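S.K.: Attaching a predicted model along with its sequence, questions to come.
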Amino acid sequence: MRWSQSLIPTLKESPADAVASSHILLQRSGMIRQLGAGAYTYLPLGFRALQKAVAIIREEMDAAGAIELLMPAVQPVELWQESGRYHAMGGILMELRLGGDKHAVLGPTHEEVVTDIARDLIKSYRQLPIVLYQIQTKFRDEPRPRFGILRTREFLMKDAYSFGTDLEQLNRAYDAMFEAYCRIFDRCGLPYVVVEAESGPIGGDSSHEFMVPCDIGEDAVIQCAACGYAANRERAEVGTEPSPIPPPDPSAPAPTAVETPNRRTIDELCQFLQVRPEETAKLLVFLADGQPVAVLVRGDHEANEAKVRRMLGATILEPADAETIERVAGAPMGFLGPVGIRIPLVVDRAVARVPRLVVGGNALDVHLTGVIPGRDFPIDRLADLRNAEPGDPCPRCGSPLAVRQGIEIGHVFKLGTKYSCAMGAEFLDEHGQAHPMIMGCYGIGVNRILAAAVETGHDKDGIVWPLSLAPYEVVLVPLQVHNEAVLDLTATLERHLTAAGHDVLVDDRDLRPGVKFKDADLIGIPLRVVLSERGLKEGTIELKWRNESAPRTVAAEEAVAAVLGELKSAHEAHRSRCEQRRHARAAAQSG
RNA sequence: CGGGGCGUAGCUCAGCCUGGCUAGAGCGCCAGCUUUGGGAGCUGGAUGUCGGAGGUUCGAAUCCUCUCGCCCCGACCA
């Protein structure tokens, strides 16, 4: 491709409203252009990079035995009412009014449609297991699109759905998808980590997220440097402290009630009473399947609703409203405490280790100081009920945990029979008995692969694409576009490289060398080949990889072989890195 | 949805507080000359419903009201 014939509008200055480096660089390099909040055009260069990611995903999904199809984005609203998600999706579902009184939704995901296909077209255990996938545009009315292409209202997703007769088939499909995801992200050159994820009410430890650690990531990843434990913050367990909980001091004075007028938050309370947040505890009231429950966590900690829900064995857990709280606790929010509370009380383990607590007094404008866990309120229902914090002990090895931001690029999930039961997707077994299919779902955010690649691959001059995602592998830069020798060799190189199956961009613009170098760096093409009058006089051309600081010269006569050789060895090196990682995974599995 | 910020040329911004020349600069774009290995110089040129509507005023980019859009923080996030 000739640069002058494409549309590559590079910018010298950063767009004013971009904050994330991927957003800035993708715009500056002329790869994307914003149309509205969370809506971006992929210009020719950006589209090529996106298609590179798509091709890698497709190859690995096919290799893993998944079958590609394409489902519609416009979906009948009735399908969503049937699964019960019409309301459960909240505000992110985009609705359309069609002719007459017909309504449709734009698919934010495709469990409903694919389950509808399965129930109509799959009837026998002989057709199972099967994994269906598509690469298709999803629509979600995100309350807050952010960071360029990281969170948008319209995005490209690879979504796969597995159907099986039993748990074993589900587990096999899950493992196959998990491995395919590792290969995909290895091939994309992304520094990802796999973390245990919160899987909602359905399955235990049956969900993993693929995260790329990076500062603008919207998810918090908990990691243990010592043993490699990694989990989403929503999911991460907090290890137990090695020392036993000290018994209450029998000689300590009884709790003291203190006036705390209008001090409702932990901050206000700590300032007023001159105590630290870790010496306080806050009482939260939830409705567990409709029944009020009190949860006590330390003032500086955050309650984790999923952990509370699991501990109580509840299906639905929601924060109680202000009226319910006053009714069951006898005090308004901000003054609740565990002493004398009349609803079931569960306590986070960290609370029990605080010798003397400040808690709410269950009366307006009153708190209690000198409250002793186990003496002044029961601690027989202790559990891990909070979000992990940096420094907390690892649940596996006890070393201190660290927290990092991460971009979620993939998610694998065991669904079970949620949709097959709700929508009647059943198969007949060899005895003619009907059973619901066991499902799994597996998603990759394709646009996020690009965002993550740029976030983790750039320098002060611009993007540094991995070879596998770069819109072009090579950029040929003839410095004098009117010199015949320079032009001839450029054309020869372009012809041979293209014939060998490489993507070549030729910067044929009649511009000063500095501009061409700056632009080549900005758009991040991995291999740059400079052809100049000066060089050709000496019989040389220049090669430079984007991540190298200085170019090297090569004899002009050997230009074609040299460039082909560079590309070949780079591809081979990348392949062997991917292979090594694959072997390491296999060894870890069998070991 | 709550809080904050911003809308002036393709991009970055000045002008607004304190209303008044023909609405400006740099980059980019077009033409010409010079230049040609890390975002060149000079000369000439094109490009604006000053986000939109209403109001105040002799007069509004500037003041007031409403409204739309965008960004950031938070809430939310199958």
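M.R.: Thanks, I have the structure now. Numbering: from 1, shown residues only, chains lettered A, B, ... in the order given.
S.K.: From here on, just use CA atoms for contacts and neighbour counts.
M.R.: Will do.
S.K.: For A:Ala556, grab the count of nearby residues.
M.R.: As a burial measure, A:Ala556 scores 19 neighbours (other CA atoms under 10 Å).
S.K.: Ramachandran angles for it?
M.R.: Backbone torsions of A:Ala556, given as degrees, to the nearest 10, read phi -60, psi -30.
S.K.: Give me the distance between it and A:Ala499.
M.R.: Computed as CA to CA, to the nearest Å, the A:Ala556 to A:Ala499 distance reads 19 Å.
S.K.: what distance separates the helix or strand hosting A:Arg495 from the centre of its chain?
M.R.: Assigned by DSSP states H and E, A:Arg495 falls within helix A:484-499. Centroid separation for helix A:484-499 versus its chain: 43 Å, with CA atoms, centre = their mean, to the nearest Å.
S.K.: buried ones in it?
M.R.: For helix A:484-499, the neighbour count (16 or more other CA atoms under 10 Å) marks A:Ala485, A:Val486, A:Leu487, A:Leu489, A:Thr490, A:Leu493, A:Glu494, A:Leu497 as buried.
S.K.: I'd like the residues you listed as a markdown table, with distance to RNA strand B appended.
M.R.: Listed next are the buried residues of helix A:484-499 as a markdown table, based on distance: CA to the nearest atom of the strand, whole Å:
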| residue | distance to RNA strand B |
| --- | --- |
| A:Ala485 | 13 |
| A:Val486 | 10 |
| A:Leu487 | 13 |
| A:Leu489 | 13 |
| A:Thr490 | 13 |
| A:Leu493 | 16 |
| A:Glu494 | 18 |
| A:Leu497 | 21 |
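S.K.: Of those residues, which is the nearest to A:Lys282?
M.R.: Within those, proximity to A:Lys282 (CA to CA) peaks at A:Leu497, which comes in at 66.6 Å.
S.K.: mind checking pLDDT for the one residue in chain A that gets nearest to RNA strand B?
M.R.: Across chain A, the shortest distance to RNA strand B (CA to the nearest atom of the strand) belongs to A:Gly514, at 2.9 Å. pLDDT for A:Gly514: 96.
S.K.: Would you mind listing the buried residues in the helix or strand that contains it?
M.R.: Secondary structure from DSSP H and E places A:Gly514 in helix A:513-523. Going by neighbour count (16+ other CA under 10 Å), the buried part of helix A:513-523 is A:Pro513, A:Lys516, A:Asp519, A:Ala520, A:Asp521, A:Leu522, A:Ile523.
S.K.: other SSEs contacting it?
M.R.: When contacts are defined as 3 or more CA pairs under 8 Å, 6 or more residues apart in numbering; DSSP states H and E, helix A:513-523 packs onto strand A:462-463.
S.K.: Give the next helix or strand downstream of the helix holding A:Gly514.
M.R.: Per DSSP H and E, the first helix or strand lying C-terminal to helix A:513-523 is strand A:527-531.
S.K.: Show residues contacting stretch A:231-246.
M.R.: Here stretch A:231-246 makes contact (CA atoms under 8 Å, 6 or more residues apart in numbering) with A:194-198, A:209, A:219-223, A:230, A:304, A:306, A:352-353, A:384, A:387-388, A:392-396, A:398.
S.K.: sorry, that was for stretch A:474-481
M.R.: Contacts of stretch A:474-481 with the rest of the structure, by CA under 8 Å, 6+ apart, involve A:486-487, A:490, A:494, A:502-510, A:512-513, A:516, A:520, A:525-533.
S.K.: From those, list just the buried residues.
M.R.: Listed as buried from these are A:486-487, A:490, A:494, A:502-509, A:513, A:516, A:520, A:525-533; burial here means 16+ other CA under 10 Å.
S.K.: ok so, going back, same list (the buried residues of helix A:484-499) but as a markdown table, adding pLDDT and distance to A:Leu96.
M.R.: Formatted as a markdown table, these follow (pLDDT from 0 to 100; distance: CA to CA, whole Å):
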| residue | pLDDT | distance to A:Leu96 |
| --- | --- | --- |
| A:Ala485 | 95 | 60 |
| A:Val486 | 96 | 57 |
| A:Leu487 | 95 | 54 |
| A:Leu489 | 97 | 56 |
| A:Thr490 | 97 | 52 |
| A:Leu493 | 98 | 52 |
| A:Glu494 | 98 | 48 |
| A:Leu497 | 98 | 48 |
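S.K.: Of those, just say which sits nearest to A:Val464.
M.R.: Nearest to A:Val464 among the buried residues of helix A:484-499: A:Leu497, at 21.2 Å, using CA to CA.
S.K.: And A:Leu26, how far from A:Arg309?
M.R.: Using CA to CA, A:Leu26 is found at 42 Å from A:Arg309.
S.K.: Those two: who's more crowded?
M.R.: Neighbours per residue (other CA under 10 Å) separate A:Leu26 from A:Arg309, with A:Leu26 holding more: 26 against 21.
S.K.: Quickly note the distance from that one to A:Leu35.
M.R.: Going from A:Leu26 to A:Leu35 by CA to CA gives 14 Å.
S.K.: tell me which residues of stretch A:548-564 are tucked away?
M.R.: Using 16+ other CA under 10 Å as the test for burial, stretch A:548-564 gives A:Val554, A:Ala556, A:Ala559, A:Val560, A:Val563, A:Leu564.
S.K.: which pair in the residues you listed spans the largest distance?
M.R.: By the measure CA to CA, A:Ala556 and A:Leu564 form the most distant pair in these, at 13.3 Å.
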